[in-house]
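**Student:** Turn this into a model:
(3 chains)
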Amino acid sequence: MKKIFFYTILRFPLGEIFLAKSCRGLSFVQFIKDRAQLEKIAEFFKEKDFSLSLDESKLHQEKKLFYHYFKGEKEDFTSLPVDFISGTPYQRKVWQEARKIPFGKTQPYRFLAQKLNHKGYRSIGQALARNPLLIVIPCHRVLRSDGTLGGFSAGLELKKFLLRLERGENSN
DNA sequence: TACATAAGAATAG
DNA sequence: CTATTCTTATGTA
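**Tutor:** Residues are numbered from 1 along each chain as shown, chains lettered A, B, ... in the order given. Next up is the predicted model:
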């Protein structure tokens, strides 16, 4: 029996975002850079033998949250049910820890490492780079210890945009 | 099993 | 600023 996912695509100032959820919760949130990105996503679901079905109505709640968020309103995604469809146990631990970073705050990678009791800071970055739930898992709020941004899988521009948004400096 | 890689950090020069 | 070293999960062979 194939697992079924409902998806929709929503617009925001920098482009489009792909949302997918299962019956258990939100599973996938990705920035769409171009058409190739969409095909990669479709392939990912195909390889996992998951079926995708366009259904906006089933994602009504999530869409509302994102629209509010992009208007600069303080939104809290922590109570939203999620359903991880990828990731090792370690990665999921890092993701769950990262979700707890509140709106508008930033933390160094070290902060997450300390919570997990080790010094392999780089593996934290590796885990966040595979974050399947953009924004819901706020990896854009994780910076380097010296205050520089570090990296971002969906592009540093997006990371900067999200940080400005949360500081209410979304004028540029 | 062995080795290279990664969105880091601390330190020395 | 750059170079070096430490660290650890992960992917590849």
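
**Student:** Quick one, grab the pLDDT at A:N172.
**Tutor:** Looking at A:N172, its pLDDT is 50.

**Student:** Sorry, wrong one. I was asking about A:E16.
**Tutor:** We note a pLDDT of 97 for A:E16 in this prediction.

**Student:** can I assume it is in contact with A:V29?
**Tutor:** No - in this structure A:E16 lies outside contact range of A:V29 using CB atoms under 8 Å: 11.6 Å. (C-beta placed from N, C-alpha, C; glycine too.)

**Student:** and those two? which has more neighbours close in?
**Tutor:** Neighbours around A:E16 and A:V29, counted as other CB atoms under 10 Å, are more numerous at A:V29. The numbers are 21 against 15.

**Student:** Return the distance of the more buried one relative to A:I101.
**Tutor:** Between A:V29 and A:I101 the distance is 16 Å, computed by CB to CB, to the nearest Å.

**Student:** secondary structure element for A:F66?
**Tutor:** Under the assignment given by DSSP states H and E, the secondary-structure element containing A:F66 is helix A:60-70.

**Student:** Briefly note if the next helix or strand along the chain from that helix comes near DNA strand B.
**Tutor:** On the C-terminal side of helix A:60-70, the nearest following helix or strand under DSSP H and E is helix A:89-99. No - using CB under 7 Å from any atom of the strand, we find that helix A:89-99 stays clear of DNA strand B, coming within 8.7 Å at best.

**Student:** and helix A:89-99, what's its mean pLDDT?
**Tutor:** Predicted confidence along helix A:89-99 averages 98 (mean pLDDT).
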